[in-house]
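Undergrad: coords below, sequence missing:
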């Protein structure tokens, strides 16, 4: 067993100890809809990993995630390689590997040109869980999934990631938007940002830009934002504005529409890890006392913010709603590269072509809690492709035999499995074939590509 796996195993043992020493939260054993149909909230937390979760759980800094850990099952969710978010989140949504679902990178070539555009939802060749559930008359709400533009027609509502009008705006001028002489945000109109289309006009009230982030909010991430280099604030600031937009809008529509299956994606845990991981002295990095004071807790502070968002949804959920927290990959210090980096050698990470010794890791996180889910069960052998079939089995929906993943039945209580035996169908891919090799253009493309370049994902 490698040193890294020893550390990971130790982390999960600590989490297990937290469970064993805690009084279980009171849960509801009945279904949440009153008609035998369960409800599920899915929290897609980019790059969430036990390297961060475990010490924060030990310190009592994540009370809402601790509620899920104490009441449910948890473990490592393995990512595929290359470790890139669009294809992994699509594998989570579809239960198949990237070669089958068609999203195989951050960008794709436009046929007949030298241009590449960010991948778009129309390129997905197979159905996502929201498509299958909509066909089965299950109501859904999907907020901010990557990629989700242009949105699908669903039995409920869908808000695309590109409904937020900014992606990387160093000078405060949003891509896909402009400001009038009074400073009011004027968003360039383009279709497919919400379903139904008319929802976008109402959604706009929730849009927060980096300029809207208050000093008090910044101080929750930085020790004292007044004395922090604005360039070093920028990354936490823009992604907080994005996640806050989707969190606030998502909570509003979750309460208003009460979908049976709701999913929200939050990106900030990944972004702040890329930019602030190296300020963490507990990860073995040497920084000045001032830099440690200003930036050393940004990563953990962002996890605490996400924990608060999760708490808001748990508090608003109908009684007996299950919660599923998942990440597309992990994040870690590359110990071998760190030794070389500290000697002054040039290094490059395999995952994102970075010249610093921290980057994505294959070991993400999964926590599943709710009626019918075992308490304290370890989930050690799950992959991102197992999420969709596990969700379908939990909801009592047939599972397609041609998926690459399989339901994680070990997480289900025996009585629940007896009451909801898994049924199988040959495939979900009935009707017209979907998927297009050509990415669609939007006013946000240059902003998205500029952000991807800054992260080293594209040239």
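TA: Thanks, I have the structure now. Values in this document were obtained by computation on a predicted structure and should not be read as measured data. Residues are numbered from 1 along each chain as shown.
Undergrad: Tell me which stretches of the stretch 1-150 of the chain form helices.
TA: With helices called from DSSP state H, counting those that start in this stretch, the stretch 1-150 of the chain shows them at 3-21, 50-58, 63-71, 85-94, 98-101, 129-135.
Undergrad: what distance separates the start and the end of stretch 210-220?
TA: The first and final residues of stretch 210-220 sit 15 Å from each other (Cα to Cα, to the nearest Å).
Undergrad: Run through who's touching it.
TA: For stretch 210-220, the surrounding residues in contact (Cβ atoms under 8 Å, 6 or more residues apart in numbering) are 166, 169, 172, 225-226, 228, 233-234, 236-238, 240-241, 244, 301, 304-305. C-beta: built from backbone N, CA, C; applies to glycine.
Undergrad: Residue ranges in the stretch 151-300 of the chain under the pLDDT threshold?
TA: For the stretch 151-300 of the chain, the stretches with pLDDT under 70 are 167-176.
Undergrad: same thing but 50
TA: The stretch 151-300 of the chain contains no residues with pLDDT under 50.
Undergrad: can you pull the buried residues of stretch 348-365?
TA: Neighbour counts over stretch 348-365 (16 or more other Cβ atoms under 10 Å) mark 349, 351-352, 354, 356-365 as buried.
Undergrad: Ignore what I typed, I meant stretch 253-270.
TA: Buried residues in stretch 253-270 (16+ other Cβ under 10 Å): 253-254, 258-270.
Undergrad: ok, now how distant is residue 50 from residue 365?
TA: Residue 50 sits 6 Å away from residue 365, going by Cβ to Cβ, to the nearest Å.
Undergrad: Common neighbours of the two, please.
TA: Counting by Cβ under 8 Å, 6+ apart, the residues touching both residue 50 and residue 365 are 76, 330.
Undergrad: From the contacts of stretch 210-220, which land in helices?
TA: Residues of those located in helices (DSSP state H): 233-234, 236-238, 240-241, 244, 301, 304-305.
Undergrad: What lies in contact with stretch 102-118?
TA: 84-87, 90, 98, 119, 123-126, 147, 435, 437-441, 445, 448-449, 452, 457-458.
Undergrad: Only the buried subset of those residues, as a PyMOL command please.
TA: Filtering the contacts of stretch 102-118 down to the buried ones (16+ other Cβ under 10 Å) takes a single PyMOL command:
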select buried, resi 84+85+86+87+90+98+119+123+124+125+126+147+439+440+445+448+449+452+457+458
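Undergrad: relative to its centroid, which residue of this structure is most remote?
TA: Using Cα atoms, centre = their mean, the residue of the chain lying farthest from its centre is residue 181. It sits 36.1 Å away.
Undergrad: quick one: secondary structure of that one?
TA: When classified by DSSP: H, G, I helix; E, B strand; the rest coil, residue 181 comes out as coil.
Undergrad: hang on, residue 255 in a strand?
TA: No. Residue 255: not assigned to a strand; according to three-state DSSP it is helix.
Undergrad: Relative to residue 312, how far out is it?
TA: To residue 312, residue 255 is 10 Å away according to Cβ to Cβ.
Undergrad: Strands of the stretch 101-250 of the chain, residue ranges please.
TA: Using DSSP state E, counting those that start in this stretch, the strands of the stretch 101-250 of the chain run over residues 107-109, 116-118, 140-143, 156-159, 177-179, 185-187, 194-195.
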